[in-house]
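>>> Build me a model:
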Amino acid sequence: MKIVFTLLFGVASLTASPTTYHGYKLLSVKPRTHEEAQIVQHIVSSWLLDQWSWAKTPGAGVDVLVPPRLVHRFRNTLGRRHIPVTIKINDVQTLIEQQVTNHKRSHTLPRKFDHTDYHELDEIYSILDGSVADFPALLSVYSAGETYEGRDIRVVKVSTGGSKPVIWIDCGIHACEWISTATCQYFLDQLTAGYGNDSQVTTLLDSYDFHIMPCTNPDGYVYTWTVDRLWRKNRVPNILCHGVDCNRNFDSDFGGAGSSNNPCSDYYSGESAFSERESQAVRGSIEALPDVRMYFSLHSYAQLWLTSYGYTEQLPANYDEQYRVAGVSVRALEAVHGTKYNYGNIADVIYLAAGSSADWVYDSAKVQYSYGIELRDEGDYGYLLPPEQILPTAEETWAGIIAGINAI
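Next up, the predicted model:
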């Protein structure tokens, strides 16, 4: 929970002074027993540290962002209990500065995606507009609503005409997960360039329409470029703090395990289910479509292909089928670059998480194949995945999605 940070964000939003992470370290902790895991969780909670990953089983690593004033104390406290701690990122600000300062922004907005770099929101929207102009018979863009700060939440429809079942993909609901948004951009490129040239893409578009929301949380995404690279939530103002975790705001056991009612928590679920314009945009868009055959929501990081449920350890009625298709996807993904993914239901593989889009889509929108995908990596860079990993991440994920679609 960024309680210490978020108390300052009200000022930051007015002054637009960047949040810096000089001396912050990403430490990996490996509790070996349930008791050690409880000790780690108690320290993280009581010290108000920002936890980047969770260990579902003893021996798995827990990634924790630790400010410089607490690094020595944190390592000594766990060392006295003989709980292993290693450094994954020695200085978080160094990685942030490398990403932002090396960004190859041109003086004029581009018309084509460069998949070796991350893109700011106005660049993304400019390229989408240019793509529609280049492929007028294939692409259209519609607005799913406006954010609190007045930005469009755009959906790109890729269709060869007629009425076909829909594949829905949304990206970037968590602002700091840049690789998610970049991967959606790659998908759009593959669909437009591939139709008529690539047999797999041609077959897909002859059978399905694709609706892709490349940046589900545009306010938060802009904030990660201008103020705080590690911002997760949207930017709605709350008492003392800003933001709601929009992937805890869906009506799937709203307010349950894995969410928070503290407005300063990174996992704050909001005042009520669908209180946020971003979750409303996803809901409204999906409900307006008559036949959504598959749903994919892209996140980072952990290298996981996840099925429902997140809010309970109970398995969905068609879990065996969801699991089978997930296995097909993961095997196809791994065949591209050898990247290893785990797969299974959210609550079992990662943690309990109520209010997620994937669970709402399965339960309420009745989409039988609903997946959350946690992209690269496993914590060496975490949310700060280098630009050189955009293309391989996108390539392998696209192979997994194609295989999953073909498996149903």
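>>> which stretches of the chain form strands?
25-29, 50-51, 62-66, 85-89, 139-146, 152-158, 166-171, 209-213, 292-300, 304-307, 342-345, 369-375 (DSSP state E).
>>> Counting by contacts, list what the shortest one packs against.
Which is strand 50-51. Applying 3 or more Cβ pairs under 8 Å, 6 or more residues apart in numbering; DSSP states H and E, one finds that strand 50-51 contacts strand 62-66. In short, each C-beta sits where N, CA and C put it, glycine included.
>>> Now do the helices in the chain.
3-15, 34-46, 68-80, 92-101, 121-134, 178-194, 199-207, 218-226, 277-287, 319-337, 346-349, 357-363, 390-407 (DSSP state H).
>>> Between strand 85-89 and the second one, find me the angle.
If I follow you right, that is helix 34-46. Relative orientation of helix 34-46 versus strand 85-89 (axes from the mean of the first three to the mean of the last three Cα atoms, to 10 degrees): 50 degrees.
>>> can you pull the contacts of Val71?
23, 25, 27 (Cβ atoms under 8 Å, 6 or more residues apart in numbering).
>>> List the contacts of the second one.
By that I understand Lys25. So Lys25 contacts 65-66, 68, 71, 87, 89-92 (Cβ under 8 Å, 6+ apart).
>>> Contacts only, for the residue most central in space within the chain.
What sits nearest the mean C-alpha location of the chain, by Cα atoms, centre = their mean, is His299, with 2.3 Å. His299 is in contact with 173-174, 177, 180, 247, 372-375, counting by Cβ under 8 Å, 6+ apart.
>>> how about those, which pair is most distant?
Asn247 and Leu375 (14.6 Å; Cβ to Cβ).
>>> Which one's more surrounded, these two?
Asn247 (28 against 25; other Cβ atoms under 10 Å).
>>> Quick one: neighbours of the residue nearest to the residue nearest to the centre of the chain when sequence neighbours are not counted, just the number.
If the residues on either side of it in the chain are set aside, His299 comes closest to Glu374, at 5.1 Å by Cβ to Cβ, 6 or more residues apart in numbering. Other residues within reach of Glu374, judged by other Cβ under 10 Å, total 22.
>>> per-residue pLDDT, Glu374?
Per-residue confidence (pLDDT) for Glu374: 98.
>>> Surely it touches Ser297?
No. Between Glu374 and Ser297 there is no contact under Cβ atoms under 8 Å: 10.0 Å.
>>> burial count for His42?
10.
>>> how much space between Asp117 and Asn102?
8 Å (Cβ to Cβ, to the nearest Å).
>>> more neighbours, these two?
Set side by side, Asp117 and Asn102 show more neighbours around Asp117, with 17 against 11, by other Cβ under 10 Å.
>>> Pull the contacting residues for that one.
103-104, 387, 390.
>>> wait, which of these is closest to Leu121?
Among the contacts of Asp117, and counting by Cβ to Cβ, the member closest to Leu121 is His103, at 12.8 Å.
>>> Name the helix or strand of the protein that has the lowest mean pLDDT.
Ranking every helix and strand in the chain by mean pLDDT, DSSP states H and E puts helix 3-15 at the bottom, with a mean of 39.
>>> can I see the domain layout of this structure?
Here the domain parsing of the chain from automatic domain parsing is 3-101, 121-407.
>>> Low-confidence ranges, the stretch 51-200 of the chain, go.
56-59, 107 (pLDDT under 70).
>>> Now list whatever residues contact both of Asp117 and Asn102.
Pro387.
>>> and which of the contacts of Lys25 is nearest to Tyr267?
Leu65 (14.8 Å).
>>> Pretty sure the closest one sits against Trp47.
No. Using Cβ under 8 Å, Leu65 makes no contact with Trp47, being 11.2 Å away.
>>> So those two - more neighbours on which side?
Applying other Cβ under 10 Å to Leu65 and Trp47 shows that Leu65 carries more neighbours, namely 21 against 15.
>>> How about the contacts made by the more buried one?
21, 24-27, 49-52, 92, 230.
>>> Distance check, it against Pro237.
Taken as Cβ to Cβ, the span from Leu65 to Pro237 is 24 Å.
>>> circling back to that earlier point, closest one to Pro110 among the domains of the chain?
domain 121-407 (5.9 Å).
>>> quick one on the thing from earlier: tabulate the domains of the chain (CSV), appending distance to Lys112.
Listed next are those as CSV, based on distance: least, Cβ to Cβ, whole Å:
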stretch, distance to Lys112
domain 3-101, 21
domain 121-407, 7
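>>> which one of the ones you listed lies closest to Arg111?
Arg111 sits nearest to domain 121-407 of all the domains of the chain, at 3.5 Å, using Cβ to Cβ.
>>> That closest one: how far from the chain's middle?
Remark: domain 121-407 is offset 7 Å from the chain centroid, using Cα atoms, centre = their mean, to the nearest Å.
>>> picking that back up, which of the contacts of Asp117 tops the neighbour count?
Going by other Cβ under 10 Å, Ile390 tops the contacts of Asp117 with 23 neighbours.
>>> List the contacts of the closest residue to that one other than its chain neighbours.
Spatial nearest neighbour of Ile390, excluding adjacent residues (Cβ to Cβ, 6+ apart): Ala182 at 4.9 Å. Shown in contact with Ala182 (Cβ under 8 Å, 6+ apart): 115, 118-119, 390, 393-394.
>>> and those, which two are the farthest apart?
Most distant of those, by Cβ to Cβ, are His119 and Thr393, 14.9 Å apart.
>>> how much space is there between His115 and Pro263?
From His115 to Pro263 the distance is 37 Å (Cβ to Cβ).
>>> again with Gly379
28 Å.
>>> the more surrounded of the two?
Legend: neighbour count by other Cβ under 10 Å for Gly379 and Pro263, higher for Pro263 (21 against 18).
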